[in-house]
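task: produce atomic coordinates for the following.
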Amino acid sequence: MAYRSPAAQYAARHPSVVSMLMKSFSKDKKLLGSLALAFAGIGVYTAKEFASTEVRETIKQWYQPPTKKTSRGKLSDASGKPVVKKSSGAAIDKRFLNRLLFILKILLPTWRSKEVMLLLTQSAVLVSRSLLSLRMARLGGDGLKAVLDKNAKLFGIVLTDFFVTGLAASVVNSALKYLTNSITVAFRQRLTTYVHDMYLVDNSYYKAAVLRLGNLDNADQRIVEDLNQFCGTLSDLIGRTFKPALDVVLSSHRMSVNMGWKGLAILYTYFVTGGALLRKLSPPFASYIGEIQKREGNFRSAHSRLIANAEEVAFLHGSDREKEILNRNLCNVTSFSEFYFLLQFRQGCVDQLCLKYFATIIGWPIIAIPFLNIKNMSVSEVAANYRESDTLIQAASSSIGDLMLVYKKLQRLAGFTTRVVELIEMIENSKRKTSDEEATNHMKVSLESTAIRFKNVTITAPDGRQLLRNLNLELRPGENVLVTGPNGAGKTSLFRCLAGLWSPAEGDVIRPANTLDMSGDIHLFYVPQRPYLVTGNLRDQVLYPLKGGKENDAHILACLEKVGLTKLVEAAEGGL
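Just a heads-up that it's a prediction; the model follows:
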């Protein structure tokens, strides 16, 4: 037998923690193999992404490493040079809270609204879910007690009780998801309708899209996508905040009966401290989300431009150039998204370690120590109470972890809140500028006059170029006028001023009222340069912008017959 020193013999009898861990993991070869493949794949992919020129440029532009204070208290980088902290429009601050409160007043107009009813119903369901969780935790302890006591009758009662409770819990869990989705839909309908009421009044859509009043970019992206994302994030945040908070309160109260408050105080202190530290170290995800949505809007706008100008692009053989433009916009989206997800991955590792696994390490001794010192309980009672407390503390720890991670959801909400409020503010700014122009408006509408008069009218383009100067013109009913001139001379601009889309810089424009009704009494009607077909059937095309039904079909057919277009009715499937 080989000689072993006393130290080696002691090490063999008392192995270190490290050697025990290595021996334990060495037995699980499948786990080690899968971890090696997973970490290798993550490492290769991450290295490849960091090697990408676009991602490196994005990191250089957007990533701000932790800063330090100089001797004068100013922020500085690693080399000691002062840095200027970039202001962000999307952050969890007082401004965000004011913006959120403004939107909530739109979403919840009265206490009798459908949205308030849904929120109250959701609250009741959340309370029921938390109470059901407590009951199921207690039933787990009762079932263990019945097994240790070898009480078959009690075990059957507990099993039946668990089935009934599980049946109720399944309905409640499905109801929570259903109510969250319903709240999202209700919020979206309320908020989008509010925006539509602003956007489609006084030609605000035209002023924002064509005249660029209010500097509103990608209105379609903001209205269709950003509003929906905001409503979904908000409704999800309500449920994911209220339920964990209630779980913590109810579980803590129940655990205090079994194990006292001292251990819980230690655990909750760790969570509060760790959560504050994680929030301090977290990147500004709110700003990043807003930037992603902006780039998504630009990408979507580029595709919309291609569809709107498809014929012109085809005539000019611009396919390759348009592909380059689209791919560049796509690269802007994907490179920033990769940068964003890399930061999420890094922050997620820290969050999971601190708020989930390390918290469990703290929680186990907190549960075990009180029960190790209990002497006036039977083994079955100790096991039952320990099982219940273990289930409750896991639920409470998970809920506290969810609450600590609420800041991530708040950052996401802040990003979409900024996009939504900017949309509303930009529309209001365009309307405000229009109101300022109306204060000095040179347009005069006469309900009695049937003539059109331009008196010393000067027209300037939105960019300040002068198109017409001191125009004097009078048109009476029955007169035909042909306006000619080179491109950019102001021909179309003349009719824009006549229609009220533009306001003349000087002079007065007098015209009849723009009345249009089913009686056919039309004083002034405009035909745009590009034909516009509304979404709908042939009846809708003829009546636009009026709205009517089959009761107008005789009138419509008479009009089509006068202009020789009855063949359209015969060719259309289903007639008008």
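
ok, and what's touching stretch 456-471?
Contact with stretch 456-471 is made by 211-212, 442, 454, 472, 488-490, 493-494, 497, 502, 504-509, as judged by C-beta atoms under 8 Å, 6 or more residues apart in numbering. To be clear about C-beta, it is placed using only N, CA and C from the backbone, and glycine gets the same treatment.

how about a cut-off of 7 Å?
Applying C-beta atoms under 7 Å, 6 or more residues apart in numbering, the contact partners of stretch 456-471 are 211-212, 454, 472, 489-490, 493-494, 497, 502, 504-507, 509.

strands - which of those residues land there?
F454, N472, E506, G507, V509 (DSSP state E).

re the thing from before, show me which pair in the contacts of stretch 456-471 is furthest apart.
R212 and N472 (30.5 Å; C-beta to C-beta).

between these two, tell me which one has more neighbours.
Between R212 and N472, R212 has the larger neighbour count (other C-beta atoms under 10 Å), namely 13 against 10.

so what's T515 scoring on pLDDT?
T515 carries a pLDDT value of 53.

quick check: pLDDT value at the closest residue to Q529 other than its chain neighbours.
Spatial nearest neighbour of Q529, excluding adjacent residues (C-beta to C-beta, 6 or more residues apart in numbering): T492 at 6.7 Å. Reported pLDDT at T492 in the predicted model: 85.

could you say which helix or strand contains G232?
Here G232, judged by DSSP states H and E, is contained in helix 227-259.

how far off centre is that helix?
20 Å (C-alpha atoms, centre = their mean, to the nearest Å).

now do that helix, average pLDDT.
79.

could you tell me how many residues sit around the closest residue in space to S282 that isn't next to it in sequence?
Closest residue to S282 apart from its sequence neighbours, by C-beta to C-beta, 6+ apart: Q347 at 6.0 Å. Neighbours of Q347 under the rule other C-beta under 10 Å: 16.

show me which residues of the helix or strand harbouring Q347 are buried.
Element membership of Q347, judged by DSSP H and E, is helix 319-352. Neighbour-count burial for helix 319-352, counted by 16 or more other C-beta atoms under 10 Å, picks out 322, 329, 332-333, 335-340, 342-343, 347, 351.

pLDDT on that helix, on average?
85.

helix or strand right after that helix?
helix 358-372.

elements contacting that next one?
helix 262-281, helix 379-404 (3 or more C-beta pairs under 7 Å, 6 or more residues apart in numbering; DSSP states H and E).

let me have those in CSV, extended by distance to D142.
CSV is the format used below for the helices and strands packed on helix 358-372 (distance: least, C-beta to C-beta, whole Å):
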stretch, distance to D142
helix 262-281, 23
helix 379-404, 6
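
you'd agree L306 is up against E322?
Yes - with contacts counted by C-beta atoms under 7 Å, L306 reaches E322, the gap being 5.6 Å.

list residues touching both of those two?
Taking C-beta under 7 Å, 6+ apart as the criterion, L306 and E322 both touch V313.

identify each buried residue in the helix or strand hosting D553, please.
Following DSSP H and E, one finds D553 within helix 553-562. Of all the residues in helix 553-562, those buried under the rule 16+ other C-beta under 10 Å are I556, L560.

which residues touch that helix?
Identification of contacts with helix 553-562 by C-beta under 7 Å, 6+ apart yields R539, V542, T566, L568, V569, L576.

after that helix, next one along is what?
helix 567-571.

tell me what that following helix is packed against?
helix 553-562.

just the C-alphas of the helix it packs on, formatted as PDB.
Written as PDB, here are the backbone C-alpha positions of helix 553-562 (Å, rounded to 0.1, in the frame of the first residue of the first chain):
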ATOM      1  CA  ASP A 553     -78.100  54.000 -55.500                       C
ATOM      2  CA  ALA A 554     -80.700  55.600 -57.800                       C
ATOM      3  CA  HIS A 555     -79.000  58.900 -57.600                       C
ATOM      4  CA  ILE A 556     -75.600  57.400 -58.100                       C
ATOM      5  CA  LEU A 557     -76.700  55.400 -61.200                       C
ATOM      6  CA  ALA A 558     -78.200  58.600 -62.700                       C
ATOM      7  CA  CYS A 559     -74.900  60.400 -62.300                       C
ATOM      8  CA  LEU A 560     -72.900  57.500 -63.800                       C
ATOM      9  CA  GLU A 561     -75.300  57.400 -66.700                       C
ATOM     10  CA  LYS A 562     -74.800  61.100 -67.400                       C
END
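
tell me the mean pLDDT over it?
The average of the pLDDT scores along helix 553-562 is 86.

how far away from the center of its chain is stretch 155-164?
43 Å.

please apply the same query to stretch 301-321.
30 Å.

can you measure across that stretch, start residue to end residue?
Stretch 301-321 has an end-to-end distance of 16 Å (C-alpha to C-alpha, to the nearest Å).

who's in contact with that stretch?
N218, E322, I325, L326, N329.

next, format those residues as TSV and append distance to T484.
Below are these laid out as TSV (distance: C-beta to C-beta, whole Å):
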residue	distance to T484
N218	37
E322	34
I325	36
L326	39
N329	40
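
with adjacent residues omitted, what lies nearest to R453?
Take R453 and drop its neighbours on the chain: the residue closest to it by C-beta to C-beta, 6+ apart is I510, 4.2 Å away.

in the sheet, who's paired with that neighbour?
K444, R453 (DSSP bridges).

can you give me the distance of it to V457?
For I510, the distance to V457 equals 10 Å [C-beta to C-beta, to the nearest Å].

list the buried residues for stretch 454-472?
Result for stretch 454-472 [16+ other C-beta under 10 Å]: buried residues F454, K455, V457, I459, T460, L467, L468, L471.

what's the first-to-last distance across it?
One end of stretch 454-472 to the other measures 5 Å (C-alpha to C-alpha).

what angle do the helix holding G232 and helix 358-372 make?
Relative orientation of helix 227-259 versus helix 358-372 (axes from the mean of the first three to the mean of the last three C-alpha atoms, to 10 degrees): 20 degrees.

so helix 227-259 versus helix 262-281, what angle?
Counting by the same axes, to 10 degrees, helix 227-259 points 150 degrees away from the direction of helix 262-281.

could you list the low-pLDDT ranges of the stretch 101-250 of the chain?
Where the stretch 101-250 of the chain drops to pLDDT under 70, the residues are 212-215.

residue boundaries of the helices in it?
114-148, 152-199, 204-209, 219-221, 227-259 (DSSP state H, counting those that start in this stretch).

can I get those helices in TSV with mean neighbour count?
Shown next, in TSV, are these (neighbours: other C-beta atoms under 10 Å):
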stretch	mean neighbour count
helix 114-148	18
helix 152-199	15
helix 204-209	18
helix 219-221	18
helix 227-259	19
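
got the phi/psi numbers for G575?
phi 70, psi -140 (degrees, to the nearest 10).

list the contacts for it?
V569.

same deal with V333?
R295, E296, F299.

helices - which of those residues land there?
R295, E296, F299 (DSSP state H).

contacts only, for the first one.
R295 is in contact with N332, V333, F336, counting by C-beta under 7 Å, 6+ apart.

let me know the closest of those residues to V171.
Looking across the contacts of R295 and measuring by C-beta to C-beta, the closest to V171 is V333, at 41.2 Å.

mind checking how far the closest one is from G297?
Distance from V333 to G297, by C-beta to C-beta: 10 Å.

end-to-end on stretch 565-576?
12 Å.

go through that stretch and flag the buried ones.
Within stretch 565-576, the residues that count as buried by 16+ other C-beta under 10 Å are V569, L576.

from the chain's centroid, how far away is it?
Using C-alpha atoms, centre = their mean, the offset of stretch 565-576 from its chain centre is 44 Å.

state the mean pLDDT of that stretch.
On average, the pLDDT along stretch 565-576 is 78.

with stretch 26-40 instead?
75.

pull the CA atoms of that stretch into PDB?
The C-alpha trace of stretch 26-40 is given here as PDB (Å, rounded to 0.1, in the frame of the first residue of the first chain):
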ATOM      1  CA  SER A  26     -17.900  15.600 -12.900                       C
ATOM      2  CA  LYS A  27     -20.600  13.000 -12.400                       C
ATOM      3  CA  ASP A  28     -23.100  15.000 -14.500                       C
ATOM      4  CA  LYS A  29     -21.300  14.800 -17.800                       C
ATOM      5  CA  LYS A  30     -24.500  15.500 -19.900                       C
ATOM      6  CA  LEU A  31     -24.900  18.900 -18.100                       C
ATOM      7  CA  LEU A  32     -21.200  19.700 -18.500                       C
ATOM      8  CA  GLY A  33     -21.300  18.900 -22.200                       C
ATOM      9  CA  SER A  34     -24.500  20.900 -22.900                       C
ATOM     10  CA  LEU A  35     -23.100  23.900 -20.900                       C
ATOM     11  CA  ALA A  36     -19.800  23.700 -22.900                       C
ATOM     12  CA  LEU A  37     -21.700  23.800 -26.200                       C
ATOM     13  CA  ALA A  38     -24.000  26.600 -25.000                       C
ATOM     14  CA  PHE A  39     -21.300  28.800 -23.700                       C
ATOM     15  CA  ALA A  40     -19.100  28.200 -26.800                       C
END
